[in-house]
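Novice: give me a model of this one.
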Amino acid sequence: MKNIIAIAVGGAIGALARFSINMQAESPVGTIIENISGSFLLGILTAYFLIRLTKEWLRLGLGVGLCGGFTTMSTLAFDSVFLFQMESFFVVLLYLLITIFGGIIFAFLGFFLGNKLAEIQINKAEGTE
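Specialist: Numbers count the residues shown, from 1 in each chain. Predicted structure coming up:
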């Protein structure tokens, strides 16, 4: 039950954060920001939690809930169709390339950062900075 509650709370927070960004930045720019930063955060969390074991409800609440509620595949699909109707195929292709490859690159960067953060914390705990 803790896992379900953590995912629900994380998802609500992620969805509210996504909504807030969409109010500040017009689509598709907001969607790019959400998906790339969400991929970065998920990369950090994944690497960190691989090294620093933590409670399952926390891992699920932040990863599945928060990051899942914050990033959005449905808006990516909608923005792609909308851009195809209103702009050119080149604009759609550029949007998809930035979103997909940007997300992957930032997930890797986040993963490496999360790895380093976990290692630093382990070294501090062991007193071997």
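Novice: list the contacts of the one residue sitting closest to the centre of the chain.
Specialist: Here the mean C-alpha position of the chain is nearest to the C-alpha of G38 (Cα atoms, centre = their mean), at a distance of 1.6 Å. Contacts were defined as Cβ atoms under 8 Å, 6 or more residues apart in numbering; by that measure G38 touches G14, C67, F70, T71, G103. Every C-beta, even on glycine, is put in place using the N, C-alpha and C of the backbone.
Novice: now the first one. Nearest residue, chain neighbours left out?
Specialist: Take G14 and drop its neighbours on the chain: the residue closest to it by Cβ to Cβ, 6 or more residues apart in numbering is G69, 2.7 Å away.
Novice: before we move on, what about the last one?
Specialist: Using Cβ to Cβ, 6+ apart and skipping residues adjacent in sequence, the residue nearest G103 is S39, 3.9 Å away.
Novice: run through the residues that contact the one you found.
Specialist: So S39 contacts T71, G102, G103, I104, F106, A107, G110 (Cβ under 8 Å, 6+ apart).
Novice: now the lengthiest helix in the chain: average pLDDT?
Specialist: Longest helix in the chain by number of residues, with DSSP state H as the criterion: helix 89-126. Taken as a whole, helix 89-126 has a mean pLDDT of 93.
Novice: sorry, back to before: and the contacts of S39, which is closest to L58?
Specialist: Distance ranking of the contacts of S39 against L58, using Cβ to Cβ, places G110 first at 17.4 Å.
Novice: so the closest one is in contact with Y48, correct?
Specialist: No: contact status for G110 versus Y48: not in contact, 9.4 Å apart, counting by Cβ atoms under 8 Å.
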